[in-house]
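# Sharing a model prediction with you, sequence too.
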Amino acid sequence: MTSARRGWGWPLDPEALKDAAFVARRMGLVGKSKRRKRLPTLDELDRLMTHFGAVRSRRPSSLPMQRIVAFALYSTRRQEEIVRITWADLDWPHSRVLVRDMKNRGDKIGNDVWCELPPEALAIIAAVPRREARIFPYTTDAISAAFTRACAFLRIADLHFHDLRHCGVTRLFEMGRTVPLAASVSGHRSWQSLQRYTPIRQTGDRLVNWTWLTVATKP
């Protein structure tokens, strides 16, 4: 609407868009999206990992969802970021990865950010065979579909793949990470975006001695 007249000569009135937005807000039809607070429980993670292992045993060609889920938890990476990471993006000596086109408010393309990789995430990557340029050469659609199907099959309600990132960031604060140190892993440009986590009390590592890490790091 805002570019049509200048870009293509269409006689559209940009004020009409502003008027419609104003009325929609007044009527309560639109508003700010609510922040999700859903976190997977350890029991739900155990059921998911067991299910993905069974699927992989029956169909070895299926996605290695156990490894992908574990990496999402420990690295706090979004699924679209996970599938874009290449071996060339890794900086092994400094335990970090270059996350390309990281999602950011008002900016995405060309927003490449170096993010710290926790030891567990590095160990998972080290177990991945080098067969292609990308470490996880899959599509977001395939990962999302596999995760959604598993949740439906296991009757796990209202759990999204993106909730794994939320869980991973929450874990960092539970382990006593400060906002700057958590941001070095999550890649948040604005520390204000992490203020929602600051009330979290230090309680320790919720994934301490997590048996599925051993599975995810098996070559």
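That came through, no problem.
# Would you map out the domains in the protein?
1-31, 42-216 (automatic domain parsing).
# Pick the most buried one from the ones you listed.
Stretch with highest mean neighbour count among those: domain 42-216 (a mean of 16; mean count of other Cβ atoms under 10 Å). Using the backbone N, CA and C atoms, a C-beta is placed for each residue, glycine as well.
# Now the terminal residues of that one, how far apart.
From its first residue to its last, domain 42-216 covers 16 Å (Cα to Cα, to the nearest Å).
# I'd like the domains of the chain as TSV, with mean pLDDT appended.
Converted to TSV, those look like this (pLDDT from 0 to 100):
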stretch	mean pLDDT
domain 1-31	80
domain 42-216	94
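# How far does the helix or strand hosting residue 152 sit from its chain's centre?
In the assignment (DSSP states H and E), residue 152 maps to helix 140-154. Distance of helix 140-154 from its chain centroid, counting by Cα atoms, centre = their mean, to the nearest Å, is 15 Å.
# Who are the packing partners of the next helix or strand after it?
The helix or strand immediately downstream of helix 140-154 is helix 163-174, counting by DSSP H and E. Helices and strands touching helix 163-174, as assessed by 3 or more Cβ pairs under 8 Å, 6 or more residues apart in numbering; DSSP states H and E, comprise helix 65-75, helix 179-186.
# try it again with 6 Å
Packing partners of helix 163-174 (3 or more Cβ pairs under 6 Å, 6 or more residues apart in numbering; DSSP states H and E): helix 65-75.
# How about residues contacting whatever helix or strand comes next after the helix it packs on?
The C-terminal neighbour of helix 65-75 among helices and strands, as given by DSSP H and E, is helix 79-82. With Cβ atoms under 6 Å, 6 or more residues apart in numbering as the test, helix 79-82 has contacts from 99, 136, 140, 143, 161.
# Go through those residues and say which is closest to residue 14.
residue 140 (33.3 Å; Cβ to Cβ).
# That closest one and residue 117, how far apart?
Distance, residue 140 to residue 117, using Cβ to Cβ, to the nearest Å: 20 Å.
# Over to residue 45?
Relative to residue 117, and taking Cβ to Cβ, residue 45 is found at 20 Å.
# phi, psi of the residue positioned nearest the centre of the chain?
When Cα atoms, centre = their mean is applied to the chain, the residue found nearest the centroid is residue 78 (2.2 Å). For residue 78, the backbone dihedrals (degrees, to the nearest 10) come out as phi -70, psi 160.
# quick one: contacts for it?
Residue 78 is in contact with residue 165, counting by Cβ under 6 Å, 6+ apart.
# same deal with residue 89?
Applying Cβ under 6 Å, 6+ apart, the residues near residue 89 are 97-98.
# Next one: it from residue 125, what distance?
10 Å.
# Kindly report the same for residue 52.
Note on residue 52: its distance to residue 125, by Cβ to Cβ, is 18 Å.
# can you check residue 68 too?
Residue 68 is 11 Å from residue 125, by Cβ to Cβ.
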